[in-house]
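Asks: Everything below, folded, please.
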Amino acid sequence: MSKPSRSGDLIFFPRSLSLMLQGIIEGERQLAMGGEPNIPLADLYETEDTLRIELELPGCSKDKIEVYIIDTDITVEARKEHLLPQPAAAKESINFLRMERKFGRYSRRIKLPTPCNTQKVRAFLKNGLLVIEIPLVKERRGKRIKVEIEAG
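Replies: Numbering: from 1, shown residues only. You can find the predicted model right below:
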């Protein structure tokens with residue numbers, strides 16, 4: 001009996017738990033690569049005809065964000081530059097007492113939870129919120145197709 005793959009196990013969980021575990025796995029992957037995970041927070045929801053994904057990317061400019069789809073995964077990668085404060089005089093130096101803001105590379109991969117038309121994706125950035133809209137496939141569920149059985 002073969003052992004199920006790690007990603008295949010996630011399909012048996014409720015959708016929200018599956019998405020949460022996917023975020024944890026992605027964070028572990030980034031930690032293993034030597035850095036703290038910069039995973040943007042995301043909301044996913046459906047309207048009647050669209051899957052909408054909203055990701056928080058404050059301080060990221062449009063030209064520093066890439067969105068791409070491979071099979072049923074959508075990936076968002078962004079880069080937020082660290083702008084150091086400039087000292088008032090050329091001879092002054094700055095000694096940080098606390099640095100809490102995150103900078104660098106942000107990455108989030110999300111499995112599309114329902115069939116979508118990935119050829120007609122629309123994305124826009126407004127006030128640090130990246131919105132991705134993907135049309136749902138119209139005939140995606142509940143259509144019953146009768147299959148005729150031939151005499152053998």
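Asks: Every contact and neighbour count from this point should use C-alpha atoms.
Replies: Noted.
Asks: Identify each of the helices in the chain and give its residue range.
Replies: 6-9, 15-32 (DSSP state H).
Asks: and those, which one is worst for confidence?
Replies: In terms of average pLDDT, helix 6-9 trails the rest of the helices of the chain, at a mean of 48.
Asks: What part of this protein, helix or strand, is modelled with the least confidence?
Replies: Ranked by mean pLDDT, DSSP states H and E, the weakest helix or strand in the chain is helix 6-9, scoring a mean of 48.
Asks: how many other residues sit next to residue 39?
Replies: Residue 39 has 22 neighbours, counted by other Cα atoms under 10 Å.
Asks: Ok, residue 55 next?
Replies: 19.
Asks: Kindly report the same for residue 83.
Replies: 7.
Asks: what about residue 72, how many residues close to it?
Replies: Residue 72, neighbours per other Cα under 10 Å, totals 13.
Asks: where in this protein is pLDDT low?
Replies: The model of the chain has pLDDT under 70 over residues 1-37, 86-91, 139-143.
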